[in-house]
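J.: sequence first, then the predicted structure, then my questions.
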Amino acid sequence: MNYSLTGILGAALGLAFLSQTAVAETANDLAQSPRSAMLAQTCAGCHGTQGYLQNSAFMPLAGMPTTQFVTAMKSFANGSRPSTVMGPLAKAFSEDEIKAMAAYFAQFPKNEAQ
């Protein structure tokens, strides 16, 4: 698979600038928080803005149930779901950051409004 160098670099830079502090929030607050949006933008290079993409080579994230997103990220991080790019990326996120991204993507409908 070819990965966009811009997408990979954007993900790395996004991780470098994120705060490691966690804030207790409701699921809706978490989904709407600027922190969640910033974390989720590290995914945009491959998965599209707000999880919508025009390329079927990558999994769309918009509308993905939070438990499915969290499970996938944990599986990438622990190696039980092999991947060249996602393993190292998933390992870089804390559990709270993964939950924040899951809430962000879950708030959008599966299909982007045309």
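T.: Here it is on my side, so go on.
J.: what about the helices in this structure?
T.: Taking DSSP state H as the test, the helices found in the chain are 5-17, 27-32, 34-40, 44-47, 66-78, 86-92, 95-106.
J.: count of neighbours near Met59?
T.: If you count neighbours by other Cβ atoms under 10 Å, Met59 ends up with 14. For every residue, glycine as well, the C-beta is placed using N, CA and C.
J.: ok, Thr67 to Pro34 distance?
T.: In this structure, Thr67 lies at 24 Å from Pro34, with Cβ to Cβ, to the nearest Å as the measure.
J.: ok, these two, which is more surrounded?
T.: Using other Cβ under 10 Å, the more surrounded residue of Thr67 and Pro34 is Thr67, with 10 against 7.
J.: could you pull up the contacting residues of the closest residue to the more buried one other than its chain neighbours?
T.: Taking Cβ to Cβ, 6 or more residues apart in numbering, and ignoring the residues beside it in sequence, Thr67 has Ala102 as its nearest neighbour in space, at 7.8 Å. Applying Cβ atoms under 8 Å, 6 or more residues apart in numbering, one finds that Ala102 lies in contact with 64, 66-67, 69-70, 73.
J.: Leu61 against Phe105, yeah?
T.: Yes. Look at Leu61 against Phe105 with Cβ atoms under 8 Å: they come within range, at 4.3 Å.
J.: can you pull the residues that touch both of those two?
T.: 40, 43, 51, 69.
J.: relative to Lys74, how far out is the nearest residue to the first one once chain neighbours are set aside?
T.: Take Ala40 and drop its neighbours on the chain: the residue closest to it by Cβ to Cβ, 6+ apart is Tyr104, 4.3 Å away. Applying Cβ to Cβ, the value for Tyr104 to Lys74 is 17 Å.
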